[in-house]
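[1] Just need the structure, nothing else, for what follows:
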Amino acid sequence: MKVMIAYDGSRNAKLALAQAVSLFRCNAPTLVLVGVAENPRDATDANEDLFQQEYEELKEALQEGADFATREEFDVEWILAEGDPRKMILRATQKHQPDVLVIARHSNKPDGGIIAQSLSYFVDELDYMTFGSVSSFLARRVECPLLILPSP
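    Residues are numbered from 1 along each chain as shown. Got it, this is the predicted structure:
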């Protein structure tokens with residue numbers, strides 16, 4: 001069995017990894033962690049530096065997630081892609097053909113105070129209205145079972 005997990009090192013992704021480990025332990029699957037670094041919209045030096053920083057942080061997060069799963073006695077692989085997260089995760093499922101794709105849903109309870117909550121709500125709504133969320137994109141297009149785990 002192969003379980004693919006969309007993983008970016010965020011709090012929700014870490015919780016989804018822990019839940020997937022718990023849910024699928026008895027099946028002894030290979031876990032495939034997929035992280036996607038988004039390409040900058042323009043090619044300025046500042047954006048390239050930010051992209052490289054994001055890329056390195058994501059690479060470290062994937063390694064930390066893989067180390068966690070290895071300690072839990074899972075076979076683990078990880079993939080670091082560049083581009084639109086929705087399309088790259090979809091492409092990873094097509095290439096690696098997992099038995100299930102696991103993703104974390106955005107939290108309804110953002111970290112921070114009232115200003116952070118308001119800003120987070122606004123950004124989430126804007127993202128949903130203009131681009132659609134990653135989970136809704138994948139739910140319409142992915143060809144394997146999709147498990148969307150809520151954050152506690």
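
[2] can you pull the contacts of the nearest residue to residue 96 once chain neighbours are set aside?
    Spatially, and ignoring its direct neighbours in sequence, residue 96 is nearest to residue 32 (5.9 Å; Cβ to Cβ, 6 or more residues apart in numbering). Where C-beta positions appear, they are placed from N, C-alpha and C, glycine not excepted. Residues near residue 32 by Cβ atoms under 8 Å, 6 or more residues apart in numbering: 2-5, 76-79, 92, 96, 98.

[3] Show me the helices in the protein, by range?
    11-24, 45-71, 85-96, 114-130, 134-141 (DSSP state H).

[4] What is the longest one packed up against?
    Under the contact criterion of 3 or more Cβ pairs under 8 Å, 6 or more residues apart in numbering; DSSP states H and E, helix 45-71 touches helix 11-24, strand 30-37, strand 75-82.

[5] possible to save those as JSON lines with mean pLDDT and distance to residue 68?
    Listed next are the helices and strands packed on helix 45-71 as JSON lines, based on pLDDT from 0 to 100; distance: least, Cβ to Cβ, whole Å:
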{"stretch": "helix 11-24", "mean pLDDT": "94", "distance to residue 68": "7"}
{"stretch": "strand 30-37", "mean pLDDT": "96", "distance to residue 68": "10"}
{"stretch": "strand 75-82", "mean pLDDT": "96", "distance to residue 68": "9"}
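
[6] right, so these: which one is the most enclosed?
    Mean neighbours per residue, mean count of other Cβ atoms under 10 Å, is largest over the helices and strands packed on helix 45-71 for strand 30-37, with a mean of 23.

[7] the inter-axis angle of it versus helix 11-24?
    In terms of direction (axes from the mean of the first three to the mean of the last three Cα atoms, to 10 degrees), strand 30-37 departs from helix 11-24 by 170 degrees.

[8] what's the spacing between strand 30-37 and its chain's center?
    Put simply, strand 30-37 sits 7 Å off its chain's centre (Cα atoms, centre = their mean, to the nearest Å).

[9] Quick check: can you name the pairing partners of that strand and their directions?
    Applying DSSP bridges, strand 30-37 is found paired with strand 2-6 (parallel), strand 75-82 (parallel).
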